[in-house]
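Asks: Take this sequence and fold it.
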Amino acid sequence: MTLAVGLLTAHTAVNALLLRRPPATPSTVDVAVSVLLPVRDEAHRVQPCLRALLAQRGVPRLQIVVLDDGSRDGTAALVRRVAGDRVRLVTGAPLPPGWLGKPYACEQLARLATGEVLVFVDADVVLAPDAVAAAVALLDGVDLVSPYPRLVARTWSERLVQPLLQWSWLTFLPLRLVERSRRPSLAAAGGQFLAVDRAGYRRAGGHAAVRDQVLEDVALARAVKRSGGRIALADGSRLAACRMYTSWAELRDGYTKSASAAAAAVVPLLLLYLLPPALLATAPWPMAVAVALGIAGRLVAARVSGARLLPDCLLHPVSIALFAYLVARSVAGRGRVTWKGRPVR
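Replies: Numbers count the residues shown, from 1 in each chain. Just a heads-up that it's a prediction; the model follows:
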C-alpha cells in the first residue's frame with residue numbers, strides 16, 4: 001500500500017514537470033478562431049465570462065457565438081446588454097430525442113462557427129486576455145487540447161472536493177502516453193475550456209458522436225482519438241479561472257449528475273488514501289508514511305493547478321471520503337437525476 005502510494009506520488013511529480021504549458025507571451029494568431037459559449041440560466045454569472053471574451057487580444061479573426069439554450073432567467077437579455085452586436089447570439093433549437101442538453105448546444109454552436117479552430121468555453125469561466133491565443137498555440141501537434149483552468153474554491157465543500165479533479169489526472173494518467181497513444185481509454189478533458197482543430201472535430205463526428213454522454217468533454221476527447229487524432233492536457237491555471245459551484249448544495253447536485261462515471265475508481269482510492277489513516281493505530285510507521293506520501297501528491301497537484309496548499313492538502317483523506325460519498329449518491333440516483341430542469345439519463 002505504501003509503495004503504491006509512493007509510486008503514484010512520484011508519477012504526479014513527473015506529470016507536473018512534463019505538463020504542457022502555454023507560452024508566456026503568445027504570438028498573434030494567424031488563423032480564424034470561433035469561441036463558442038452555450039448558456040442556460042446563467043444570468044447570475046455569465047457577465048464576467050462575456051467581458052473576458054470581448055477583451056481577448058492576439059486573435060484578429062475572432063468570432064464569438066453564444067447559444068441561449070432555453071434560459072428562463074433573462075440570460076439572453078443580459079448577453080445583449082453586455083455584448084451588443086460584438087457577439088452572435090442565437091436561440092437554441094428544441095432538444096431532439098437521444099440528446100443531452102450540453103452536447104446538443106455545442107453541436108449547434110459548431111455548425112455556426114466559421115473558424116478553423118473551435119474554442120468551447122463554459123459560462124462559469126473567466127479567461128485571461130491572451131487565453132484564446134495561448135490555447136491555439138497549445139494545439140501544436142494535436143487535434144484537441146484541454147488547458148485546465150484554475151478552479152476557484154471558497155467554501156469548505158469546494159476546497160475539499162474540487163482540487164481532486166486536477167489531482168486525479170495528474171496522479172493516474174501518464175500525460176505523455178495520453179498524447180502519443182491511440183487508445184481512447186487514455187483520454188481526459190475539461191469542457192470548461194477546450195480548443196479543437198475544426199477538421200479534427202468533424203473527423204471525430206463532433207458532438208453528435210457524444211450526444212448522450214454526461215461527460216461529453218471526455219467522450220469527445222476519446223472520439224478524437226478513435227478517429228486517428230491526438231489530444232493533450234495542459235496547464236491552464238494562468239489562462240482561465242472557473243468557479244463551478246458556490247455551495248455544498250450546488251456541488252452535491254453537480255456531482256450527482258456525473259460522478260457515477262468514477263464508480264470503478266472509488267475502491268482503489270479508499271484503499272490507498274483513506275485506509276492508511278484508519279490503520280495508523282495498528283501500524284503507525286508504514287501507515288504514517290503512506291498518509292504523508294498521499295498528502296505530498298496532493299501538494300504537488302495543488303502547486304501546479306493554483307489550488308490552496310494548506311490546510312486543504314492535509315485533509316486529503318477527508319476529500320477522498322467525501323468524493324466517495326458523492327459517487328455513491330450519484331450511482332444511487334442514476335436514472336432519476338435532473339439538471340437545469342432536464343432529466344439526465
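Asks: where along the stretch 1-150 of the chain do the strands fall?
Replies: Assigned by DSSP state E, counting those that start in this stretch, the stretch 1-150 of the chain shows strands spanning 33-39, 62-68, 88-91, 117-121, 125-127, 144-151.
Asks: Dump the second one to PDB, restricted to CA.
Replies: So that's strand 62-68. Extracted in PDB, the C-alpha atoms of strand 62-68 (Å, rounded to 0.1, in the frame of the first residue of the first chain):
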ATOM      1  CA  LEU A  62     -12.200  36.100 -33.700                       C
ATOM      2  CA  GLN A  63     -15.800  35.100 -33.800                       C
ATOM      3  CA  ILE A  64     -17.800  34.800 -30.600                       C
ATOM      4  CA  VAL A  65     -21.100  32.800 -30.800                       C
ATOM      5  CA  VAL A  66     -23.400  32.500 -27.800                       C
ATOM      6  CA  LEU A  67     -26.300  30.000 -27.800                       C
ATOM      7  CA  ASP A  68     -29.100  30.500 -25.400                       C
END
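Asks: How far off centre is it?
Replies: Remark: strand 62-68 is offset 20 Å from the chain centroid, using Cα atoms, centre = their mean, to the nearest Å.
Asks: quick one: average confidence on that strand?
Replies: Averaged across strand 62-68, pLDDT comes to 97.
Asks: swap in the last one?
Replies: Model confidence over strand 144-151 averages 96 on the pLDDT scale.
Asks: From what I see, residue 76 and residue 69 are in contact.
Replies: No - judged on Cβ atoms under 8 Å, residue 76 makes no contact with residue 69 at a distance of 10.0 Å. (C-beta placed from N, C-alpha, C; glycine too.)
Asks: Roughly how far does residue 280 sit from residue 194?
Replies: Distance, residue 280 to residue 194, by Cβ to Cβ, to the nearest Å: 42 Å.
Asks: Counting neighbours, go ahead and name the busier of the two.
Replies: Neighbour count, other Cβ atoms under 10 Å: between residue 280 and residue 194, residue 194 has more, with 25 against 14.
Asks: Next, count neighbours for residue 42.
Replies: 24.
Asks: cool, the one 3 residues further on as well?
Replies: The local packing of residue 45 (other Cβ under 10 Å) involves 17 other residues.
Asks: dump the residue contacts of it.
Replies: Residues near residue 45 by Cβ atoms under 8 Å, 6 or more residues apart in numbering: 123-124.
Asks: Backbone dihedrals for it, both of them.
Replies: Main-chain torsions, residue 45, degrees, to the nearest 10: phi -150, psi 0.
Asks: again, but for residue 182
Replies: When read as degrees, to the nearest 10, the backbone of residue 182 gives phi -90, psi 0.
Asks: Number of residues surrounding it?
Replies: Applying other Cβ under 10 Å, we find 10 residues neighbouring residue 182.
Asks: before we move on, the earlier item: more neighbours: which of residue 76 and residue 69?
Replies: Set residue 76 next to residue 69 and count neighbours by other Cβ under 10 Å: residue 69 wins out with 23 against 18.
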